[in-house]
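**Student:** Give me the fold of what follows.
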Amino acid sequence: MTARHHQQRFESLLQQHRGIVFKVAGLYSRNVADRDDLMQEISAQLWRSFGSYDQARAKFSTWMYRIALNVAISQARRERWSEGDRFEPLEVRHLETVGGGESIAEPDERLTALYAFIGELDELNRALILLYLEDRSYGEIAEIIGISETNVATKISRIKQTLRGQMTAVEPIGA
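**Tutor:** Here you go, the predicted structure:
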């Protein structure tokens, strides 16, 4: 494969799956500038690693999630923000930017509480819930995150149990 063909293939695959980069960067960034920097770092690492991508072993989206999440989690751990300098709470406007710009209706209190809950999760659990909400199978999540399928199921179950407890206290609008 020529270098030009290799680059074109990468650019095509990146364009097809760019939502993954937007979602991961949006979920692990404190603000727009940090998100843009993280998206650039993820894209650069994807390019550096593209030569080792083996389509026989994993779907491109699975491989891409693994790299994007590893870059985001590594960067978050490196920065280790001070206690007062936490992530910006996940809100509907973040989903508009990571979801490709589609307009989202005004959220009810339960949706706002869900975003707040996800924003407070640690890096690993945030990755798990992102992939779970993307309807990825436990097997695929395990492959991306690098933990066992049983561990994925256990962690997601615990996240859902905690979420249920928090969400029962939030009444939907108009209820």
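
**Student:** can we go C-alpha only for contacts and neighbour counts from here?
**Tutor:** Will do.

**Student:** What are the buried residues along the helix or strand where residue 48 lies?
**Tutor:** Using DSSP states H and E, residue 48 maps to helix 32-49. Neighbour counts using 16 or more other Cα atoms under 10 Å place 35, 38, 39, 41, 42, 43, 45, 46, 47 of helix 32-49 among the buried residues.

**Student:** where does residue 150 fall, helix, sheet strand or coil?
**Tutor:** helix (DSSP: H, G, I helix; E, B strand; the rest coil).

**Student:** and it, how many neighbours does it have?
**Tutor:** When counting by other Cα atoms under 10 Å, one arrives at 12 neighbours for residue 150.

**Student:** Roughly how far does it sit from residue 137?
**Tutor:** 12 Å (Cα to Cα, to the nearest Å).

**Student:** ok, now which ones touch the most centrally placed residue in the chain?
**Tutor:** For the chain, the residue nearest the mean C-alpha position is residue 24 (3.2 Å; Cα atoms, centre = their mean). Counting by Cα atoms under 8 Å, 6 or more residues apart in numbering, residue 24 makes contact with 68, 69, 72.

**Student:** Tell me both backbone torsions, phi and psi, for residue 57.
**Tutor:** Torsion angles at residue 57 (phi, psi; degrees, to the nearest 10) stand at phi -90, psi -30.
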